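S.K.: From the sequence below, what's the structure:
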Amino acid sequence: MKSASTRRRRVPSNAEKALWHYAMRDATPLRGRALPPESPAETPPEPAAQAPMPSPRRTRRPPPAPIALPKLSTTSTPGLDARSAERLKRGQLPIEARLDLHGMTQDAARLALDHFIAEAYASGRRAVLVITGKGLTRGEPQEPWHYATGGVLKHMTPRWLNEAPNRARVLAFTEAQPRHGGGGALYVLIRRHRA
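M.R.: Next comes the predicted model:
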């Protein structure tokens, strides 16, 4: 260990001396002692002109790929438990809204369906009825827009329910019971709205 007499004293910087003098400006020195002389204040060196720092670039993450939802049909209800699927099929869920597409063109029916599903989803409705009508079922179709299994709206409505934006809002659909229109109507179960 070094003794106190051989230890080197640290020399305060000019900034430290200036700070000390500022702190002691109102102090009165003891008799026989004087304050050490002030050293000229160091002027800090001017900073070199620096190029402006570029703002950090935020890299945008690509949006996550949408999850492909399984296709729904009147006989397939993926994502719905067996009890709820059976209740929907039997028409045991209370119908909270109805949409009748009779007499509409395809374009008008598609717009009406999209609006109806969006409104039902936003208002928290769960089970709704979409009436498509049965269309022509006997004989050969006379026109290209008629299908052997029924009318164009009956054929297209399940397809529209599987397309965006409806598919994200629809949990399941199935053919209605005879008391609600049978083969000319669909029960549609709407997903719960997550705010």
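S.K.: Could you pull out the strands in this protein for me?
M.R.: For the chain, the strands defined by DSSP state E occupy 97-100, 127-131, 170-175, 185-190.
S.K.: name the helices or strands packed onto the shortest one?
M.R.: Packing partners of strand 97-100 (3 or more CB pairs under 8 Å, 6 or more residues apart in numbering; DSSP states H and E): helix 106-122, strand 127-131. Quick note: C-beta positions are derived from backbone N, CA and C, even for glycine.
S.K.: Using a markdown table, lay out these together with distance to Ala23, mean pLDDT and mean neighbour count.
M.R.: Below are these laid out as a markdown table (distance: least, CB to CB, whole Å; pLDDT from 0 to 100; neighbours: other CB atoms under 10 Å):
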| stretch | distance to Ala23 | mean pLDDT | mean neighbour count |
| --- | --- | --- | --- |
| helix 106-122 | 68 | 96 | 16 |
| strand 127-131 | 80 | 96 | 21 |
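S.K.: Looking at those, which is nearest to Gln92?
M.R.: Among the helices and strands packed on strand 97-100, the nearest to Gln92 by CB to CB is strand 127-131 (9.2 Å).
S.K.: hmm, back to that, tell me which of the strands of the chain sits most buried.
M.R.: strand 185-190 (a mean of 25; mean count of other CB atoms under 10 Å).
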